[in-house]
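Undergrad: Sequence and predicted structure, then a few things I'm wondering about:
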Amino acid sequence: MANNSGKISLPVIKRLPRYYRYVRDLQKAGVTTVSSSELARLLGTTASQVRQDFNCFGGFGQQGVGYNVQLLASELTNLLYQGETLNTVLLGTGRLGRTISGFIARELPGFKLVAAFDNAPAQVGQSLGELTVLDVATLEDFCKQHHPQIVVLCVPEDAAAELAPRLAGLDFKGLWNFSHYDVGNLSPGIAVENVHLGDSLSSLGFRVRNPAGEN
């Protein structure tokens with residue numbers, strides 16, 4: 001399998017975790033082979049799209065035979081995680097931050113939460129799993145010493161706006177942003193993923209209220 005991820009379009013990259021989830025579910029169910037048509041049905045796309053996506057990485061199956069589920073799960077794991085664990089820090093340890101930290105620990109191989117920060121006196125010094133919540137004032141010093149690759153932002157919108165300039169000066173590679181503040185391009189080399197939970201629910205609400213307007 002060839003990994004040309006540097007030349008892969010963002011929509012294809014965003015579909016990889018969905019392929020991974022469905023293939024892992026098939027693997028757990030004892031399914032040994034899956035066709036592109038079956039994967040397309042699960043993902044709500046076309047068999048042609050599935051084959052095009054996989055061909056970006058050299059292809060995983062044989063025409064008319066389908067995909068070996070165990071091999072496909074292994075290849076997708078390698079693509080997504082590449083045997084590397086990304087050290088991750090959390091900013092904001094309120095209810096959302098604690099929920100996200102637990103999700104990272106339980107559900108996301110390839111990521112390790114190494115520190116958590118907050119500015120609330122009631123949070124600083126408290127336990128978060130095996131970690132002790134640190135004062136966000138020490139964020140720069142921690143990053144200079146430990147060089148985390150991922151920052152997870154779970155703070156209110158105004159706090160995110162204040163933190164953005166500080167984040168731009170840190171040495172990390174990716175931002176997972178759950179605040180209501182859209183963080184733009186911080187600096188070259190930092191990938192940003194803005195997650196708005198309300199957008200998804202609002203889109204669902206529109207579809208429910210306007211069933212005739214959906215293609």
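TA: Arrived safely, thanks for sending. The model shown is predicted, which means the values in this text are computed figures rather than measured ones. Numbers count the residues shown, from 1 in each chain.
Undergrad: And for Phe142, the neighbour number?
TA: Phe142 has 17 neighbouring residues, counting by other CB atoms under 10 Å. Any C-beta I mention is one placed from the backbone N, CA and C, and that applies to glycine too.
Undergrad: same question but for Leu175, I mixed them up
TA: Number of residues near Leu175 (other CB under 10 Å) recorded here: 20.
Undergrad: so who does it touch?
TA: Taking CB atoms under 8 Å, 6 or more residues apart in numbering, we find Leu175 in contact with Ile150, Val151, Val152, Leu153, Leu167, Val183, Leu186, Ile190, Ala191, Val192, Glu193.
Undergrad: Can you verify it is assigned to a strand?
TA: Yes. Assessed by DSSP: H, G, I helix; E, B strand; the rest coil, Leu175 belongs to a strand.
Undergrad: Next, work out how far apart it and Val23 are.
TA: Applying CB to CB, to the nearest Å, the value for Leu175 to Val23 is 28 Å.
Undergrad: again, but for Leu128
TA: Going from Leu128 to Val23 by CB to CB gives 32 Å.
Undergrad: likewise Leu43?
TA: Distance from Leu43 to Val23, counting by CB to CB: 11 Å.
Undergrad: and these two? which has more neighbours close in?
TA: Taking other CB under 10 Å, Leu43 and Val23 do not tie; Val23 has more neighbours (25 against 16).
Undergrad: how about the biggest helix by length in the chain: buried residues?
TA: Counting by DSSP state H, the longest helix found in the chain is helix 10-28. Neighbour-count burial for helix 10-28, counted by 16 or more other CB atoms under 10 Å, picks out Val12, Arg15, Leu16, Tyr19, Tyr20, Tyr22, Val23, Leu26, Gln27.
Undergrad: Among these, which pair sits farthest apart?
TA: Greatest spatial distance among these (CB to CB): Val12 and Gln27, at 21.7 Å.
Undergrad: for the most centrally placed residue in the chain, what are its contacts?
TA: By CA atoms, centre = their mean, the chain has its centre lying nearest to Trp176, at 7.3 Å. With contact set as CB under 8 Å, 6+ apart, Trp176 has these partners: Ile150, Val151, Val152, Leu153, Glu193, Val195.
Undergrad: I am finished for the moment; much appreciated.
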